[in-house]
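Asker: Model the following, please.
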Amino acid sequence: MSNFDVVEIKSFVPARDFSLALAFYQHIGFELKWNSDDLAYFAAGNASFLLQNFYEPAHAHNFMMHLLVECVEAWHTRIIDSGALDVFDIQLGAVEDRDWGMRDFTLRDPSGVLWRIAQNTEPKVS
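Answerer: The predicted model follows:
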């Protein structure tokens, strides 16, 4: 291992209502590893992100996260089965095949952050 090996990279996801966002991400299955009044560390498998108690509307509505998973249908079902659509002001898109070799769906969280949750597929050849 060299001194230049990367261990991890995390995004700081904005939250309009920090306590609501904490509840939302736990509700859909992310594990809360640590939190304070201003920051929370969430993980799912080997992926993680930091939720921050910070909100700027233009930033939140232009912020996008991409989560690559083994089975996109399982994640879509997980969100539906969690009841999050009834509890939180969120938007959930349908699972779709993309020309660039992914099958994904979109999820807009309570702060307006857009998530693309996807699995790899074969790209379409033109």
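Asker: list the contacts for residue 75?
Answerer: Residues in contact with residue 75 (C-beta atoms under 8 Å, 6 or more residues apart in numbering) are 67, 69, 105, 117. Quick note: C-beta positions are derived from backbone N, CA and C, even for glycine.
Asker: For the residues you listed, which single residue is the most surrounded?
Answerer: Ranked by the number of neighbours (other C-beta atoms under 10 Å), those place residue 117 first, at 22 neighbours.
Asker: Specify the beta-bridge partners of that residue.
Answerer: Assessed by DSSP bridges, residue 117 has beta-bridge partners residue 67, residue 105.
Asker: Which parts of the chain are helices?
Answerer: Per DSSP state H, the chain carries helices over the ranges 18-27, 57-60, 72-81, 84-87.
Asker: right, so of those helices, which gets closest to residue 94?
Answerer: Closest of the helices of the chain to residue 94 is helix 72-81, at 8.1 Å (criterion: C-beta to C-beta).
Asker: Point out where the chain drops to low pLDDT.
Answerer: By pLDDT under 70, the low-scoring segments of the chain are 1, 126.
Asker: can you rerun that using 90?
Answerer: For the chain, the stretches with pLDDT under 90 are 1-8, 99-100, 122-126.
Asker: Which residue ranges of it form strands?
Answerer: Along the chain, counting by DSSP state E, strands occupy 12-14, 31-35, 39-44, 47-52, 64-68, 91-92, 96-98, 102-108, 114-120.
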